[in-house]
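A.B. asks: Here is a sequence with its predicted model. Questions after.
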Amino acid sequence: MTKQGKAQNDKKKDGDKPVYRTVADNRRARHDFEILETHEAGISLLGTEVKAIRAGKANLQDSHIRIEDGDLWLYNCHISPYDYGNRFNHEPTRKRRLLMHSRQILKLKATTQEKGLTLIPLKLYFKGNLVKVDLAVVRGKKLHDKRDTIAKRETKRQLDRITKTSRY
(Lines give C-alpha, C1' and ligand atoms only; values in the text may rest on other atoms or scores of the structure.)
Protein backbone atom coordinates (compact mmCIF):
# COMPACT_ATOMS: atom_id res chain seq x y z
CA MET A 1 0.00 0.00 0.00
CA THR A 2 1.36 3.43 -0.84
CA LYS A 3 1.85 6.19 1.70
CA GLN A 4 -1.00 8.15 0.15
CA GLY A 5 -3.34 5.16 0.37
CA LYS A 6 -2.39 4.59 4.01
CA ALA A 7 -3.04 8.25 4.82
CA GLN A 8 -6.48 7.99 3.26
CA ASN A 9 -7.26 4.92 5.38
CA ASP A 10 -6.46 6.93 8.54
CA LYS A 11 -9.24 9.41 7.73
CA LYS A 12 -12.93 8.96 8.40
CA LYS A 13 -15.20 8.59 5.40
CA ASP A 14 -17.40 11.58 6.23
CA GLY A 15 -14.61 14.13 5.75
CA ASP A 16 -11.03 14.98 6.55
CA LYS A 17 -11.39 14.58 10.31
CA PRO A 18 -8.44 12.62 11.73
CA VAL A 19 -8.98 9.40 13.63
CA TYR A 20 -8.26 9.51 17.38
CA ARG A 21 -6.59 6.45 18.89
CA THR A 22 -5.88 6.56 22.61
CA VAL A 23 -2.60 4.92 23.60
CA ALA A 24 -2.27 5.72 27.32
CA ASP A 25 -4.86 6.99 29.79
CA ASN A 26 -4.20 8.40 33.25
CA ARG A 27 -7.32 7.03 34.95
CA ARG A 28 -5.92 7.53 38.43
CA ALA A 29 -5.82 11.29 37.81
CA ARG A 30 -9.60 11.47 37.62
CA HIS A 31 -9.79 9.80 41.03
CA ASP A 32 -7.11 11.86 42.78
CA PHE A 33 -7.77 15.28 41.24
CA GLU A 34 -10.62 17.63 40.44
CA ILE A 35 -10.23 18.57 36.76
CA LEU A 36 -10.82 22.29 36.18
CA GLU A 37 -9.91 22.66 32.49
CA THR A 38 -8.28 20.60 29.74
CA HIS A 39 -6.01 21.49 26.83
CA GLU A 40 -4.42 19.66 23.90
CA ALA A 41 -0.69 19.82 23.25
CA GLY A 42 1.72 18.23 20.82
CA ILE A 43 4.77 16.39 22.07
CA SER A 44 8.32 16.35 20.78
CA LEU A 45 9.48 12.72 20.47
CA LEU A 46 12.32 10.67 19.05
CA GLY A 47 11.67 8.10 16.32
CA THR A 48 11.99 5.08 18.59
CA GLU A 49 9.58 6.70 21.06
CA VAL A 50 6.90 7.07 18.39
CA LYS A 51 7.35 3.43 17.37
CA ALA A 52 7.08 2.30 20.99
CA ILE A 53 3.93 4.41 21.45
CA ARG A 54 2.41 2.85 18.32
CA ALA A 55 3.06 -0.52 19.97
CA GLY A 56 1.14 0.73 23.04
CA LYS A 57 4.10 0.84 25.41
CA ALA A 58 3.45 4.16 27.16
CA ASN A 59 2.42 4.88 30.74
CA LEU A 60 1.29 8.24 32.16
CA GLN A 61 0.91 7.14 35.77
CA ASP A 62 2.79 9.44 38.22
CA SER A 63 3.68 11.86 35.43
CA HIS A 64 3.31 15.62 35.72
CA ILE A 65 3.95 18.79 33.73
CA ARG A 66 6.12 21.78 34.65
CA ILE A 67 6.56 25.17 33.01
CA GLU A 68 10.26 26.07 32.75
CA ASP A 69 11.63 29.07 30.82
CA GLY A 70 8.39 29.50 28.87
CA ASP A 71 8.24 25.84 27.79
CA LEU A 72 6.05 22.95 28.94
CA TRP A 73 7.92 19.81 30.01
CA LEU A 74 6.45 16.37 30.66
CA TYR A 75 8.18 14.48 33.48
CA ASN A 76 8.02 10.80 34.51
CA CYS A 77 6.13 9.64 31.42
CA HIS A 78 7.41 6.11 30.88
CA ILE A 79 7.76 5.05 27.23
CA SER A 80 9.36 1.61 27.08
CA PRO A 81 12.36 1.14 24.79
CA TYR A 82 11.49 0.03 21.26
CA ASP A 83 12.21 -3.69 20.82
CA TYR A 84 14.13 -3.24 17.57
CA GLY A 85 15.79 0.09 18.43
CA ASN A 86 19.25 -1.36 19.29
CA ARG A 87 21.78 1.35 20.28
CA PHE A 88 19.58 4.21 19.09
CA ASN A 89 16.94 3.59 21.74
CA HIS A 90 15.75 6.37 24.02
CA GLU A 91 15.82 6.74 27.79
CA PRO A 92 12.39 5.55 29.06
CA THR A 93 11.63 8.37 31.55
CA ARG A 94 13.42 11.36 30.03
CA LYS A 95 11.70 14.73 30.15
CA ARG A 96 9.82 15.58 26.96
CA ARG A 97 8.89 18.97 25.57
CA LEU A 98 5.21 19.72 25.01
CA LEU A 99 4.27 21.96 22.10
CA MET A 100 1.79 24.79 22.60
CA HIS A 101 1.56 28.42 21.57
CA SER A 102 3.42 30.78 23.90
CA ARG A 103 0.22 32.68 24.77
CA GLN A 104 -1.43 29.46 25.90
CA ILE A 105 1.62 28.60 28.00
CA LEU A 106 1.51 32.02 29.67
CA LYS A 107 -2.19 31.53 30.50
CA LEU A 108 -1.45 28.10 31.97
CA LYS A 109 1.40 29.56 34.00
CA ALA A 110 -0.89 32.26 35.40
CA THR A 111 -3.60 29.75 36.36
CA THR A 112 -1.18 27.27 37.95
CA GLN A 113 0.35 29.94 40.19
CA GLU A 114 -2.91 29.91 42.16
CA LYS A 115 -2.69 27.97 45.39
CA GLY A 116 -3.12 24.23 44.97
CA LEU A 117 -3.34 24.04 41.15
CA THR A 118 -1.05 21.92 39.00
CA LEU A 119 -0.77 20.44 35.49
CA ILE A 120 -1.03 16.73 34.76
CA PRO A 121 -1.42 14.70 31.55
CA LEU A 122 -4.74 12.90 31.16
CA LYS A 123 -4.14 10.85 28.02
CA LEU A 124 -1.71 10.24 25.20
CA TYR A 125 -3.23 9.62 21.77
CA PHE A 126 -2.72 9.71 18.03
CA LYS A 127 -4.58 12.38 16.09
CA GLY A 128 -4.01 11.24 12.55
CA ASN A 129 -0.25 10.61 12.47
CA LEU A 130 0.59 13.05 15.27
CA VAL A 131 1.02 12.18 18.93
CA LYS A 132 -0.96 14.50 21.21
CA VAL A 133 -1.30 14.89 24.97
CA ASP A 134 -4.45 15.99 26.80
CA LEU A 135 -3.30 18.00 29.78
CA ALA A 136 -5.44 19.33 32.60
CA VAL A 137 -5.29 22.05 35.21
CA VAL A 138 -6.25 20.22 38.40
CA ARG A 139 -6.73 20.67 42.12
CA GLY A 140 -6.05 17.80 44.50
CA LYS A 141 -9.03 16.12 46.12
CA LYS A 142 -9.24 15.59 49.85
CA LEU A 143 -10.10 12.16 51.23
CA HIS A 144 -13.72 13.11 51.92
CA ASP A 145 -14.11 14.38 48.33
CA LYS A 146 -12.91 11.00 47.02
CA ARG A 147 -15.41 9.23 49.25
CA ASP A 148 -18.22 11.47 47.98
CA THR A 149 -17.29 10.69 44.38
CA ILE A 150 -17.29 6.94 45.08
CA ALA A 151 -20.66 7.17 46.86
CA LYS A 152 -22.23 9.08 43.95
CA ARG A 153 -20.91 6.53 41.46
CA GLU A 154 -22.28 3.62 43.50
CA THR A 155 -25.76 5.20 43.79
CA LYS A 156 -25.76 5.87 40.05
CA ARG A 157 -24.89 2.21 39.37
CA GLN A 158 -27.68 1.03 41.65
CA LEU A 159 -30.20 3.34 39.97
CA ASP A 160 -29.09 2.12 36.54
CA ARG A 161 -29.50 -1.50 37.65
CA ILE A 162 -32.98 -0.83 39.04
CA THR A 163 -34.15 0.99 35.92
CA LYS A 164 -32.69 -1.72 33.68
CA THR A 165 -34.49 -4.53 35.50
CA SER A 166 -37.78 -2.63 35.85
CA ARG A 167 -38.12 -2.12 32.08
CA TYR A 168 -38.83 -5.77 31.43
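C.D. replies: Now that the structure is in, tell me what you want to look at.

A.B. asks: Which helix or strand contains Val23?
C.D. replies: strand 20-25 (DSSP states H and E).

A.B. asks: Could you check how many residues crowd around Ile35?
C.D. replies: 13 (other Cβ atoms under 10 Å). All C-beta atoms are positioned from the backbone trio N, CA, C, and that covers glycine.

A.B. asks: Distance-wise, check it relative to Asp71.
C.D. replies: In this view, Ile35 and Asp71 are 23 Å apart by Cβ to Cβ, to the nearest Å.

A.B. asks: what does Val19 give?
C.D. replies: 29 Å.

A.B. asks: Listing partners with orientation, what would you give for the strand holding Val23?
C.D. replies: Sheet pairing of strand 20-25 (DSSP bridges) gives strand 117-127 (antiparallel).

A.B. asks: same question for the partner strand, mean pLDDT?
C.D. replies: Averaged across strand 117-127, the pLDDT comes to 89.

A.B. asks: Stretch 21-30 too?
C.D. replies: Rounded mean pLDDT across stretch 21-30 is 83.

A.B. asks: Please point out which parts of that stretch sit buried.
C.D. replies: Across stretch 21-30, burial judged by 16 or more other Cβ atoms under 10 Å covers 23-26, 29.
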